[in-house]
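> Fold the following.
(one chain, ligands or ions: 1)
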Amino acid sequence: MPEENRDARVLVGVIMGSASDWNTMQHCVETLKKLLIPYEVRVVSAHRTPDLLFSYAADAEARGLEVIIAGAGGAAHLPGMVAAKTVLPVLGVPVQSKALNGLDSLLSIVQMPAGVPVGTFAIGKPGAINAALFAAGMLGGQHPEFRAALKKYRNQQAEAILACPDPQEQ
Ligand code: RP5
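Residues are numbered from 1 along each chain as shown. Predicted coordinates:
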């Protein structure tokens, strides 16, 4: 938790199927930190700790969470099963698996049946970062400080590119 937000109510739950997903999901958390969005991080495995998955998802709304970001790889059932137990928006990040490069993760997460949505992002680091930015966009309606932080992030991103237009000079 960033020091600035230590006392703030946690709004985003960042969960992942295994500690081995942290290499990817750390980019999500870094982005939330940059935007000063209060978050929590947990390993919640759909297959190894199914009871924890059920209780985490079932209690999330009452605990004040507004968005859940779930990263998983391989047989990536975590985002879909969390979405099955809560009406909070669930953003799925496909982790790049060793065997199939994350295509398995992507397809496991994206192919939800109608009625239980999961917002699915790109495989790996880009998806982890974008899930955090998307969460900021969703929170921005109720929390104007995060919309302002998102605008600042996007402006800084554009300015960094415009300041160094020639890649040979970077
Ligand atoms: C999934 O299985 C996790 O999300 C992880 O991406 C994958 C492999 O887990 P480990 O065997 O590395 O713990 O449930």
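
> Could you list the low-pLDDT ranges of the chain?
The chain contains residues with pLDDT under 70 at 1-7.

> who in it is up against the ligand?
Contact residues, the chain versus the ligand (CB under 6 Å from any ligand atom): Gly17, Ser18, Ser20, Asp21, Ser45, His47, Ala72, Gly73, Gly74, Val95. Yep, even glycine has a C-beta here, placed from its N, CA and C like the rest.

> so which of the residues you listed is the most crowded?
Ala72 (31 neighbours; other CB atoms under 10 Å).

> For the host helix or strand of that one, buried residues please.
Element membership for Ala72 (DSSP states H and E) is strand 67-73. Buried residues in strand 67-73, counted by 16 or more other CB atoms under 10 Å: Val67, Ile68, Ile69, Ala70, Gly71, Ala72, Gly73.

> next one: stretch 119-132
By 16+ other CB under 10 Å, the buried positions in stretch 119-132 come out as Gly119, Thr120, Phe121, Ile123, Gly124, Lys125, Gly127, Ala128, Ile129, Asn130, Ala131, Ala132.

> try stretch 132-143
Residues of stretch 132-143 classed as buried by neighbour count (16+ other CB under 10 Å): Ala132, Leu133, Phe134, Ala135, Ala136, Met138, Leu139, Gly140.

> Looks to me like Leu107 is in a strand.
No - assessed with DSSP: H, G, I helix; E, B strand; the rest coil, Leu107 is helix; it does not lie in a strand.
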